[in-house]
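> Turn this into a model:
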Amino acid sequence: MADPITAGAIATIMLSKFAEAGASEAAKKLIENLWGAVAARFQGRKKAEAAIAQLEASQGKAPEAEANLVRVLDAEMFEDDAFAGQVQQMAQQIIQMQNQSQTQKTVTMNQANQDQAKGYQVEADRIEHLGDRY
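Sure, this is the predicted structure:
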């Protein structure tokens, strides 16, 4: 059995909402659902709501608000096992989708390069030269 997903990892997954260029539509929907579940859980709690609002306004680029979200999320997960299980399960589904998507992307890139004498694999954040193949 895999280790439980931490509050920090869940917050990171939630913040991927703002950088989901490569995410599938299904993953985007699950991330939105996770975000909604956490936001609903902290509705009426001023500090948690402020952290969530600040993260949304800054498109996830507010380290202090992220740290606050991790703190309140961790405490809530500690106090309520059912809530912890719910958000951990949602996060696990997102991770699995992201892993499948990355595997499919790698396979596609490798297949496109098989029949070429020289090949470059291009991805948004890197370029790799695979060298000469004879």
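> What sits closest to Met77 if chain neighbours are left out?
Leaving aside its chain neighbours, Met77 sits nearest to Ala84 (3.8 Å; criterion: CB to CB, 6 or more residues apart in numbering). (C-beta placed from N, C-alpha, C; glycine too.)
> and if you look at Leu15?
Gly60 (4.1 Å).
> Roughly how far does the one you found sit from Ala11?
To Ala11, Gly60 is 10 Å away according to CB to CB, to the nearest Å.
> and for these two, which residues touch both?
By the contact definition CB atoms under 8 Å, 6 or more residues apart in numbering, Gly60 and Ala11 are jointly contacted by Glu66.
> Looking at those two now, which is surrounded by more residues?
Ala11 (24 against 19; other CB atoms under 10 Å).
> what's downstream of the host helix or strand of Met14, the next helix or strand?
Following DSSP states H and E, one finds Met14 within helix 7-15. Using DSSP H and E, the next helix or strand after helix 7-15 towards the C-terminus is helix 25-41.
> And the strands in the chain?
118-123, 126-132 (DSSP state E).
> Just give the nearest non-adjacent residue to Asn68, would you?
Sequence neighbours aside, Ala51 is the residue nearest to Asn68 in space, at 4.0 Å (criterion: CB to CB, 6+ apart).
> residues near that neighbour, how many?
Other residues lying near Ala51 total 24 when counted by other CB under 10 Å.
> ok, now which ones touch it?
Ala51 makes contacts with Ala65, Glu66, Asn68, Leu69, Val72, as judged by CB under 8 Å, 6+ apart.
> pLDDT weak spots in this protein?
1-2, 20-23, 101, 103-134 (pLDDT under 70).
> What about Gln43? Give its phi and psi, please.
phi -60, psi 130 (degrees, to the nearest 10).
> Let me fix that, I meant to ask about Ala62.
With angles defined as degrees, to the nearest 10, Ala62 sits at phi -140, psi 90.
> where's stretch 62-73 relative to the chain centroid, distance-wise?
16 Å (CA atoms, centre = their mean, to the nearest Å).
> hmm, who's touching it?
For stretch 62-73, contacts defined as CB under 8 Å, 6+ apart pick out 7-8, 10-11, 14-15, 38, 42, 45, 47-48, 50-52, 54-55, 58, 60, 87.
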